[in-house]
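Chemist: generate coordinates for the sequence data below:
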Amino acid sequence: MSIRLYDSLKQAEVDFHPLTKGSVSMYVCGPTVQSEPHVGHLRSALVYDLWWRWMEYRGLNVTMVRNVTDIDDKILEKSAQSGEQWWALASRVEHLFHEASDALRIRRPAIEPRATGDIPAMQELIGRLIDNGHAYATDEGDVYFDVASWKNYGELTRQKPDDMASDEPRAGKRSAHDFALWKAHKATEPDTASWDAPWGKGRPGWHLECSAMSVRYLGSQFDIHGGGLDLRFPHHENELAQSRAAGDAFANHWLHSALVLVNGQKMSKSLGNSIYASQWLEAARPIVIRYALATAHYRSDIDVHEGFLTEAEAAFSRIEGFLSRSASFEKSDADVPESFAAAMDSDLGIPQALSVLHETVRSGNQAIDSRDQVAAAKARAEVVAMVDVLGLNPESHEWADASSGQGASDEALSALVQALITQRETARAEKNFAASDLIRDALASSGIDVVDTDNGPEWSIRG
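Modeler: Numbers count the residues shown, from 1 in each chain. Sure, this is the predicted structure:
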């Protein structure tokens with residue numbers, strides 16, 4: 001079965017056929033490094049990490065490019081408010097983003113260009129747009145894309161310019177719908193935040209950056225452009241228009257990941273409900289956070305509610321528990337189950353794939369309980385194959401350093417408790433209920449409750 005994906009431009013699920021057989025070129029909009037990363041940033045980065053891993057499993061060589069917007073209005077505003085140099089602020093926040101995404105084992109892209117490192121490519125793109133009659137410079141030194149000159153403007157979001165939100169008219173700007181390609185330097189801005197250009201000193205507009213960097217590193221036509229759903233308009237709409245108007249075929253497919261909500265509401269500073277990556281990393285294990293953020297389909301919002309991470313911990317612990325119970329069985333390689341592969345091939349259907357994973361865990365536990373070592377070993381091999389693809393294998397080299405620091409204590413406790421639970425299950429299977437009760441009581445006296453469920457025994461530390 002071929003990989004299918006939902007193309008936001010076509011607004012349909014389509015078969016994915018890479019432009020170059022066996023290779024995938026993917027550009028993803030990365031963070032604007034103005035403030036501490038929140039869980040929405042992690043969710044978006046994780047989505048494309050999972051696409052990458054699945055395509056790789058299917059034998060494709062993926063080249064991922066993800067940019068860093070390290071110069072824009074918001075960064076300069078934050079810098080002016082805090083007194084921190086804008087470039088120092090951007091560098092510090094970029095580091096925080098990397099720390100958080102690295103903790104979740106989100107792979108770093110092949111290249112991660114910063115906007116400030118590709119100013120010449122952006123200026124070259126502006127020059128082409130002016131030459132093609134799709135952009136104009138003002139007397140004030142700004143350069144704008146002429147929306148009226150591009151008849152296909154609005155094709156990504158199925159809108160007409162008159163129906164779109166727009167900026168207020170500015171000096172030299174022909175239409176409120178026109179957007180900035182180059183912003184003239186202001187006296188109130190630091191000199192370090194400007195570059196020489198044929199139109200005067202200034203800096204690039206936000207939308208221009210990705211068009212220039214994606215084409216520079218992936219070519220004038222590439223397979224996939226990804227990003228968060230909140231970027232479809234105006235960012236991606238403007239990217240598409242200016243790139244096509246400049247003569248680039250640009251992205252063959254567009255992917256968009258949905259948002260993270262908090263109790264049904266979008267995260268925002270005005271509501272005071274933002275959840276920062278650092279807060280979650282203090283509250284839960286990184287591997288559990290990765291699992292939690294992967295549970296919803298990438299095109300569906302994740303609604304974070306009280307107990308969200310606790311539920312994820314319980315669900316993921318069932319997987320860990322089975323891997324621990326089956327650790328002594330002969331290890332063998334296996335492909336992922338066909339039903340898992342079918343779910344992943346169908347627009348990265350991870351919720352359905354996780355159902356297959358948990359069903360395999362259940363059948364594996366039943367095989368252990370009935371002492372069917374062949375079935376248990378087969379289930380273990382399939383579970384390992386599935387969690388490997390998802391980047392969720394706690395036994396893998398990828399997560400080897402997760403046992404350092406506080407994590408070491410957590411891992412040691414988990415291993416000890418699981419060993420006792422396995423002994424209890426063995427005693428129960430042998431109808432040695434006295435020994436079974438003794439283990440349960442010993443755990444209870446240590447503040448650890450064990451509950452027998454249809455999915456096998458589950459344990460928790462008493463609050």
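
Chemist: give me the low-pLDDT residue ranges for the stretch 51-200 of the chain?
Modeler: Applying pLDDT under 70 to the stretch 51-200 of the chain flags the ranges 165-169.

Chemist: break down it into its helices, ranges please.
Modeler: With DSSP state H, counting those that start in this stretch as the criterion, the stretch 51-200 of the chain has helices at 73-82, 86-103, 119-131.

Chemist: ok, now the stretch 301-450 of the chain?
Modeler: Secondary structure of the stretch 301-450 of the chain by DSSP H, counting those that start in this stretch: the helices cover 308-325, 338-345, 350-369, 373-389, 406-429, 433-445.

Chemist: give the closest residue to residue 137 in space, chain neighbours not counted.
Modeler: Spatial nearest neighbour of residue 137, chain neighbours left out: residue 199 (4.4 Å); criterion: CB to CB, 6 or more residues apart in numbering. The way it works is simple: take the backbone N, C-alpha and C, and place the C-beta from them, glycine included.

Chemist: pull the contacting residues for the residue nearest to residue 61 when sequence neighbours are not counted.
Modeler: The spatial neighbour of residue 61 that comes closest, neighbours along the chain excluded (CB to CB, 6+ apart), is residue 23 at 4.8 Å. Taking CB atoms under 8 Å, 6 or more residues apart in numbering, we find residue 23 in contact with 60-63.

Chemist: also residue 424?
Modeler: Counting by CB under 8 Å, 6+ apart, residue 424 makes contact with 435-436, 439-440, 450, 457.

Chemist: cool, and residue 431?
Modeler: With CB under 8 Å, 6+ apart, residue 431 has no contacts at all.

Chemist: check residue 148 too.
Modeler: Under the criterion of CB under 8 Å, 6+ apart, the contact list for residue 148 reads 161, 174-175, 177.

Chemist: tell me, how many residues neighbour residue 370?
Modeler: 11 (other CB atoms under 10 Å).

Chemist: okay, it: pLDDT?
Modeler: Among the per-residue scores, residue 370 holds a pLDDT of 88.

Chemist: tell me the spacing between it and residue 336.
Modeler: Relative to residue 336, residue 370 is positioned 24 Å away (CB to CB, to the nearest Å).

Chemist: over to residue 26?
Modeler: When CB to CB is the yardstick, residue 26 and residue 336 sit 22 Å from each other.

Chemist: distance of the residue nearest to residue 138 when sequence neighbours are not counted from residue 141?
Modeler: Take residue 138 and drop its neighbours on the chain: the residue closest to it by CB to CB, 6+ apart is residue 172, 2.8 Å away. The spacing between residue 172 and residue 141, counted by CB to CB, is 9 Å.

Chemist: doesn't residue 451 fall inside a helix?
Modeler: No. Counting by DSSP: H, G, I helix; E, B strand; the rest coil, one finds residue 451 to be strand, located in no helix.

Chemist: is it bridged to anything, and to what?
Modeler: On DSSP bridges, the residues paired with residue 451 through beta bridges are residue 458.

Chemist: could you count how many residues lie near it?
Modeler: When neighbours are defined as other CB under 10 Å, residue 451 has 8 of them.

Chemist: ditto for residue 84
Modeler: 13.

Chemist: and it, what is it in contact with?
Modeler: Under the criterion of CB under 8 Å, 6+ apart, the contact list for residue 84 reads 78, 92.

Chemist: check residue 198 too.
Modeler: Counting by CB under 8 Å, 6+ apart, residue 198 has contacts 123, 127.

Chemist: what about it, distance to residue 75?
Modeler: Per CB to CB, residue 198 is found 25 Å from residue 75.

Chemist: same check on residue 170?
Modeler: Here the distance between residue 170 and residue 75 works out to 21 Å (CB to CB).

Chemist: between the two, which one's more packed in?
Modeler: Under the neighbour definition other CB under 10 Å, residue 170 and residue 75 were set side by side, and residue 75 has more, 22 against 13.

Chemist: which SSE is the nearest residue to that one once chain neighbours are set aside in?
Modeler: Counting by CB to CB, 6+ apart, residue 34 is the residue found nearest to residue 75 once chain neighbours are left out, at 4.8 Å. No secondary structure element spans residue 34, as it lies outside all helices and strands (assigned by DSSP states H and E).

Chemist: beta partners of residue 23?
Modeler: For residue 23, the beta-bridge partners under DSSP bridges are residue 20, residue 61.

Chemist: how much space separates the closest residue to residue 211 other than its chain neighbours from residue 150?
Modeler: By the measure of CB to CB, 6+ apart, the closest residue to residue 211 outside its immediate chain neighbours is residue 243, 4.5 Å from it. Taking CB to CB as the measure, residue 243 and residue 150 are separated by 11 Å.

Chemist: neighbour count winner among the two?
Modeler: residue 243 (25 against 20).

Chemist: list the residues that contact that one.
Modeler: Contact analysis of residue 243 by CB under 8 Å, 6+ apart lists 211, 215, 250.

Chemist: torsion angles phi and psi at the first one?
Modeler: Translated: residue 211. Main-chain torsions, residue 211, degrees, to the nearest 10: phi -60, psi -40.

Chemist: noted, bye for now.
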